[in-house]
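S.K.: A predicted structure for the sequence below; I have some questions about it.
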Amino acid sequence: WTSALGKLVLKVDGKFKKFIPVLLKDLDVFSRNSIIDELPSLDPLLRNVSGWSVPMANDDEGRAIYEFDPEH
């Protein structure tokens, strides 16, 4: 290892440490939105399962709207 190579590795590492959390946050938002979009397709399956709450409203296209708490 040379001093210049070590500094370059530290610089690249710092950039990755800044970049990766942004990507993970975007991935989290994308996955949560995808799950929310898929919930209406599960509605026929949920009708026969006890313990699931019934949707309280429908969107403009007639799809059921479920409450989703991202903190849980």
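M.R.: Received, thanks.

S.K.: what pLDDT does residue 35 get?
M.R.: Listed pLDDT for residue 35 reads 84.

S.K.: Confirm it sits in a helix?
M.R.: Yes - membership of residue 35 in a helix is supported by DSSP: H, G, I helix; E, B strand; the rest coil.

S.K.: burial measure for it, as a count.
M.R.: 11 (other Cβ atoms under 10 Å). (Glycine included, C-beta is placed from N, CA and C.)

S.K.: ok, now residue 39?
M.R.: For residue 39, using other Cβ under 10 Å, the count is 16.

S.K.: ok but it is inside a helix, no?
M.R.: Yes - assessed with three-state DSSP, residue 39 lies in a helix.

S.K.: how near is it to residue 33?
M.R.: Residue 39 sits 11 Å away from residue 33, going by Cβ to Cβ, to the nearest Å.

S.K.: Then residue 17?
M.R.: 26 Å.

S.K.: Need the overlap of contacts for residue 39 and residue 33.
M.R.: Shared contacts of residue 39 and residue 33, defined by Cβ atoms under 8 Å, 6 or more residues apart in numbering, are absent.

S.K.: Strands of the chain, start to end?
M.R.: 57-58, 64-65 (DSSP state E).

S.K.: What's the separation between residue 27 and residue 7?
M.R.: 31 Å.

S.K.: let me fix that: residue 28
M.R.: 33 Å.

S.K.: Kindly report the same for residue 22.
M.R.: 24 Å.

S.K.: same check, this time on residue 37
M.R.: For residue 37, the distance to residue 7 - Cβ to Cβ - is 46 Å.

S.K.: Ok, residue 41 next?
M.R.: 52 Å.

S.K.: same question, residue 20
M.R.: 21 Å.

S.K.: swap in residue 36?
M.R.: The separation that residue 36 has from residue 7, given Cβ to Cβ, amounts to 45 Å.

S.K.: and the two? which has more neighbours close in?
M.R.: residue 36 (13 against 10).

S.K.: How about residues contacting stretch 19-30?
M.R.: Contacts for stretch 19-30 (Cβ under 8 Å, 6+ apart): none.

S.K.: buried residues in that stretch?
M.R.: Residues of stretch 19-30 include none that count as buried (16 or more other Cβ atoms under 10 Å).
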